[in-house]
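Chemist: attaching a predicted model along with its sequence, questions to come.
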Amino acid sequence: MLRTTLAALDNAEAIDPDSVSGGGTEVPRQELGEAEVRRVLADEHAEAMDAAALLDRFGRRAEAAELRRKAHELLHYLEMAS
């Protein structure tokens with residue numbers, strides 16, 4: 001969960017290389033503000049909860065419970081950012 005959240009934050013910092021002039025391969029990253037970080041964390045939490053619900057529907061209760069636990073840990077970080 002942490003790895004996917006960090007990847008989501010990394011993706012959110014990416015800038016479209018076509019929007020940068022110069023044609024180089026190195027593209028600067030944008031810095032996320034608090035609101036953007038909170039949005040990414042909230043989106044990741046929501047996706048995890050949706051995935052846990054789907055796991056429940058397929059009878060994979062233990063995996064769903066573990067995913068919910070990890071999602072609630074992520075929610076803790078979201079609340080700390082407040």
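Modeler: Received it, and whenever you're ready, just let me know what you need. The model shown is predicted, which means the values in this text are computed figures rather than measured ones.
Chemist: where does the prediction get shaky in this protein?
Modeler: 17-25, 81-82 (pLDDT under 70).
Chemist: list the buried residues of the helix or strand Arg69 falls within.
Modeler: Taking DSSP states H and E as the definition, Arg69 sits inside helix 61-80. Residues of helix 61-80 classed as buried: 64, 67-68, 70-71, 74-75, 78 (neighbour count, 16 or more other Cβ atoms under 10 Å). (Glycine included, C-beta is placed from N, CA and C.)
Chemist: now do stretch 33-48
Modeler: Those would be 37-38, 40-41, 44-45, 48, for stretch 33-48 by 16+ other Cβ under 10 Å.
Chemist: repeat for stretch 6-14
Modeler: Buried residues in stretch 6-14 (16+ other Cβ under 10 Å): none.
Chemist: nearest to Asn11, of the buried residues of stretch 33-48?
Modeler: Val40 (8.6 Å; Cβ to Cβ).
Chemist: dump the strand or helix carrying the closest one to PDB, keeping only the CA atoms.
Modeler: For Val40, the host element (DSSP H and E) is helix 34-57. What follows is helix 34-57, C-alpha atoms only, in PDB (Å, rounded to 0.1, in the frame of the first residue of the first chain):
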ATOM      1  CA  GLU A  34      -0.600  20.100   0.700                       C
ATOM      2  CA  ALA A  35      -4.000  20.000  -1.100                       C
ATOM      3  CA  GLU A  36      -2.600  17.900  -3.900                       C
ATOM      4  CA  VAL A  37      -0.900  15.500  -1.500                       C
ATOM      5  CA  ARG A  38      -4.200  15.200   0.500                       C
ATOM      6  CA  ARG A  39      -6.100  14.500  -2.800                       C
ATOM      7  CA  VAL A  40      -3.700  11.700  -3.800                       C
ATOM      8  CA  LEU A  41      -3.900  10.100  -0.300                       C
ATOM      9  CA  ALA A  42      -7.700  10.300  -0.300                       C
ATOM     10  CA  ASP A  43      -7.800   8.800  -3.800                       C
ATOM     11  CA  GLU A  44      -5.500   5.900  -2.800                       C
ATOM     12  CA  HIS A  45      -7.600   5.300   0.300                       C
ATOM     13  CA  ALA A  46     -10.800   5.200  -1.700                       C
ATOM     14  CA  GLU A  47      -9.300   2.900  -4.300                       C
ATOM     15  CA  ALA A  48      -8.100   0.500  -1.600                       C
ATOM     16  CA  MET A  49     -11.600   0.500   0.100                       C
ATOM     17  CA  ASP A  50     -13.200  -0.200  -3.300                       C
ATOM     18  CA  ALA A  51     -10.800  -3.100  -3.900                       C
ATOM     19  CA  ALA A  52     -11.500  -4.500  -0.400                       C
ATOM     20  CA  ALA A  53     -15.200  -4.500  -1.100                       C
ATOM     21  CA  LEU A  54     -14.600  -6.400  -4.300                       C
ATOM     22  CA  LEU A  55     -12.400  -8.900  -2.500                       C
ATOM     23  CA  ASP A  56     -15.300  -9.400   0.000                       C
ATOM     24  CA  ARG A  57     -17.700 -10.100  -2.900                       C
END
